[in-house]
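>>> Below is the sequence, then the predicted model.
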Amino acid sequence: MDFLKDPVTFLANQLVLWLTGLGLPEGVVRFLSFSIGAAILATSSLLFVIFLIWFERKLIGRVQDRLGPNRLGPFGLFQPFADMLKIFTKEYVTPSGVDPVPYNLAPVLAVSSVMAIWAVIPFANTIYGVDLDVGVVFVLAVGGLAQLGIILAGWGSNNKYALLGGFRALAQLLSYEIPMVITLLIPVMLAGTLSLTGMVTAQDVPFVAVAPLAALIFFIANLAEVSRAPFDLPEADSEIVAGFNIEYSGLKFGFFYVAEFLHGFTSALLFATVFLGGWRGPLAEEIPILGFIYFAIKTSLVYLTILLVDATVPRFRIDQLLNFSWKLLTPLALALLVAMALVDRAMVGMGVESIWIRLPVFLALNAGLFAAGAYFLDRARRRAPRPVVSGGPRPVARPENFTMQPK
Amino acid sequence: MTSLQIVFLIIAAVTLASAVMVVTARRLMHAALWLILTLLGVAAVFATLQANFFAVVQVLVYIGAIAILIIFAIMMTREVMSVTGPRLNRGWGWAAAAAAGGLAGLVAVLSTWQGFQTVLEPLPSGSVGVGALGEAFLDPNRFAVPFEVASVLLVAAMVGAIYIAVDRKVVEEQ
C-alpha cells in the first residue's frame, strides 16, 4: 500500500536500507543515494524531451493544417527516436577560427543550467530533489548560467550571424529577467518564504487567483526567457539564419535543441509551482502520487498554452520587444509589487488575517493596474508615429541605379 | 582534517589559480571566463560555510549580471579575437610588491582579530538565515541606514548613467 501511495519515497528508503546493510558509513550512503536520485531525475528529464519534441511537432502540424510526423510507429511516436539516432551519428564540423573552450562549453552550460532547476522543484509532497531555503533565487541564478551559455556560443563560433544572435539573445534575456524577478517577488511576499516547497505549502489559494496580473507578467516574461514566439528573435531563421547555434552540428547542436525544449517545459513547471499551487489538490497530502498527477496536469496545461502561443503569433521586432519590457512590463510589475506590499501590510496591520477577505482587495488592485497598463499601451500605440512602408520611389537593383556604371 | 576542510582547500586552490589566470590570460575573453570560474569558487566557499543565500546571490549578481556585462563590453571592443601587445608593462614589479604588501598587512591586521581563531560550528538545521538577514536590513537599530544609503548610491549611479547615455540631439529635436 505504501508503495502505491508514494513509490519514490518507498524505493528511496529501500535503497538506503540496502546500502546501510552493506556496511557503508552514513555519509557515503547519503552521497550515493543523492547521486542515484540526481542521475535518475536528469536522465528522465532528458528522455521526456523526446516526447515533448514529438508533441510539439504534432501540435504545430495541426495548427498549420498538416498532419505532423505520422510515418514511424503509432501517430508517428517513434519519429524523435529516429531523429535522435541520426543526430548521434552525425559528423562534428568545427569551423576554423573558433575559440575552442567557449565553443565546446556552451552546449553543456545550456543543458545543465536548465536541468539544475529540476533539482529544487517539488514534484509532489514528498518527491523533490532538495528543499533549498533560497530556491527561488537559485532558479534565477541558474538562469544566468544559461545566458552565459548563449553568449559563449555566439562569441566562440567565429560567425557574424552567431554573434548577432548572441547579442539579440542577451538583450532580450537581460530585459525580460527584470519583470520576471519583480513578479516572482510577489509570490515570495505572499508566501513569506524563498523556498519553492514552502511556497507550494503556502498556497491554500493558488497565487494566480490572488495576483493574476503578476501571473500574466511572469508568463510573458517567461516566454521571452525561453525564446518562444513572439519572442523568438535570438533564433529567427529568416533574419539571422539560426542565431547563436548556427555553427554547431551533430550532438552539440542536439544539446541546444534539447535545452530549448527542456527550458520551455521547465518554465511551465515553474509557473505551475509558483502560481498554480504545484502539487496541491484534494487528498494530495495523504497520497503523494496523486499530487504528482495534479502537478503534471497543471504543468501540461501551462505548456500547452505556451505551445499554442508559439504556434499562432508572429514575431516582435527588436525595438518593440525592448520597449514592451522596459516601458510597460517593468513599470507595471514594480507598481504592482509596491501596491500589493503596502495593501497587504495595511490589512495585516488592521487585523485582517484571513486570505478570503484580502483576496477581493488584491483582485481589485490587479484589475485596476491591468486597466492602467492597457490604457498606457493603447495611448502609446495611438501616439507612436506610423512608419510609412510604401511611398516614394526607392532605388532598386537595376543597372541604371548603380553608382559605378558599367562601361 | 575533515572532508569539509579538504573540499575547502580544493575550492580555495581552484579560486586562487583561476584568479591568477585572470590577470595572465593572453586573450581578454579568456580572462573574463577565468573570472567567472573565480567568482564560482567564491560562491562555493559561501556554500561550504552554509551561507546558501550568499552563494546563490554571488552566482546571480556576479556571474548572471556583472560577468555577462563584462563579456558584453569585451565583445564590443575591436580586434578582441587577435592577441596583441605584451601582457606585462615595466611597472609590474612595483604592482606585485604593492599587492603583496597589502595582502601581508591585511593578514597581519586580521590575525589580531579574535574571530580569526574561532572554530566554526555547523548551524543548527532549520535556522532561517534569509529571514534573519532581511529583518536585520530593515531594523532601524541595525542596518537600515547603510541599506538605504546603498540604495541611494545605486539610484545616483543610474541617474548618472542615463545622463551620460542620453542622446541630446534627439531630445532637442523633439
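Structure's in. What do you need?

>>> which residue sits closest to residue A:325 in space, ignoring its chain neighbours?
In this structure, residue A:325 finds its nearest non-sequential neighbour in residue A:175, 4.2 Å apart by CB to CB, 6 or more residues apart in numbering or on different chains. The way it works is simple: take the backbone N, C-alpha and C, and place the C-beta from them, glycine included.

>>> Could you check how far the strand or helix carrying that neighbour is from the centre of its chain?
Taking DSSP states H and E as the criterion, residue A:175 maps to helix A:160-191. Its chain's average C-alpha position is 11 Å from that of helix A:160-191, according to CA atoms, centre = their mean, to the nearest Å.

>>> now stretch B:51-66
Taking mean C-alpha positions (CA atoms, centre = their mean), stretch B:51-66 and its chain are 9 Å apart.

>>> close to chain A, is that stretch?
Yes: counting by CB under 8 Å from any CB of the partner chain, chain A has neighbours in stretch B:51-66: B:52, B:53, B:56, B:57, B:59, B:60, B:63, B:64, B:65.

>>> Output that stretch as PDB, restricted to C-alpha atoms.
Coordinates of each C-alpha in stretch B:51-66 appear next as PDB, following Å, rounded to 0.1, in the frame of the first residue of the first chain:
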ATOM      1  CA  ALA B  51      25.700  30.700   3.600                       C
ATOM      2  CA  ASN B  52      23.200  29.400   1.000                       C
ATOM      3  CA  PHE B  53      21.800  32.800   0.300                       C
ATOM      4  CA  PHE B  54      25.200  34.400  -0.300                       C
ATOM      5  CA  ALA B  55      26.300  31.600  -2.500                       C
ATOM      6  CA  VAL B  56      23.200  31.900  -4.700                       C
ATOM      7  CA  VAL B  57      23.300  35.700  -4.800                       C
ATOM      8  CA  GLN B  58      27.000  35.500  -5.700                       C
ATOM      9  CA  VAL B  59      26.100  33.500  -8.800                       C
ATOM     10  CA  LEU B  60      23.100  35.600  -9.600                       C
ATOM     11  CA  VAL B  61      24.700  39.000  -9.300                       C
ATOM     12  CA  TYR B  62      28.400  38.400 -10.100                       C
ATOM     13  CA  ILE B  63      28.000  35.800 -12.800                       C
ATOM     14  CA  GLY B  64      24.500  36.400 -14.100                       C
ATOM     15  CA  ALA B  65      24.900  40.200 -14.300                       C
ATOM     16  CA  ILE B  66      28.400  41.600 -13.800                       C
END
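
>>> Which residue does chain A have closest to chain B?
Closest residue of chain A to chain B, CB to the nearest CB: residue A:144 (2.2 Å).

>>> At which residues are the helices of the stretch 51-200 of chain A located?
Here the stretch 51-200 of chain A has its helices, by DSSP state H, counting those that start in this stretch, at A:79-89, A:100-118, A:135-156, A:160-191, A:196-202.

>>> So which bits of the fourth one are buried?
By neighbour count, and taking 16 or more other CB atoms under 10 Å in any protein chain shown as the criterion, the buried residues in helix A:160-191 are A:161-188, A:190-191.

>>> Equivalent analysis for stretch A:19-27, please.
The neighbour-count check on stretch A:19-27 (16+ other CB under 10 Å) flags residue A:19 as buried.

>>> Pull out the CA atoms of it and give them to me as PDB.
Extracted as PDB, the C-alpha positions of stretch A:19-27 are listed here (Å, rounded to 0.1, in the frame of the first residue of the first chain):
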ATOM      1  CA  LEU A  19      23.200   0.400   1.200                       C
ATOM      2  CA  THR A  20      23.300   0.600   5.000                       C
ATOM      3  CA  GLY A  21      23.000  -3.100   5.100                       C
ATOM      4  CA  LEU A  22      26.200  -3.400   3.100                       C
ATOM      5  CA  GLY A  23      28.000  -1.800   6.000                       C
ATOM      6  CA  LEU A  24      28.700   1.600   4.300                       C
ATOM      7  CA  PRO A  25      29.100   4.600   6.600                       C
ATOM      8  CA  GLU A  26      26.200   7.100   6.800                       C
ATOM      9  CA  GLY A  27      27.900   9.800   4.800                       C
END
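
>>> now what about it, what contacts it?
With contact meaning CB atoms under 8 Å, 6 or more residues apart in numbering or on different chains, stretch A:19-27 is reached by A:28, A:29, A:32, A:33, B:3.

>>> Quick check: mean pLDDT of that stretch?
For stretch A:19-27, the mean pLDDT works out to 77.

>>> List phi and psi for the residue most central in space within chain A.
Centroid check for chain A by CA atoms, centre = their mean gives residue A:267 as the closest residue, at 2.9 Å. Main-chain torsions, residue A:267, degrees, to the nearest 10: phi -70, psi -30.

>>> Next, the contact list for it, please.
Residue A:267 sits next to A:222, A:223, A:225, A:226, A:306 when contact means CB under 8 Å, 6+ apart.

>>> which sections of the chain are below the confidence cut-off?
I'll assume chain A. Applying pLDDT under 70 to chain A flags the ranges A:1-5, A:237-240, A:386-395, A:397, A:401-407.

>>> looking at chain B here, not the other one
Applying pLDDT under 70 to chain B flags the ranges B:1, B:78-85, B:120, B:122-128, B:170-174.

>>> Quick one: name the residues of it near chain A.
Contact residues (CB under 8 Å from any CB) of chain B with chain A: B:3, B:27, B:29-30, B:33, B:36, B:52-53, B:56-57, B:59-60, B:63-65, B:67-68, B:71-72, B:75, B:81, B:128-130.
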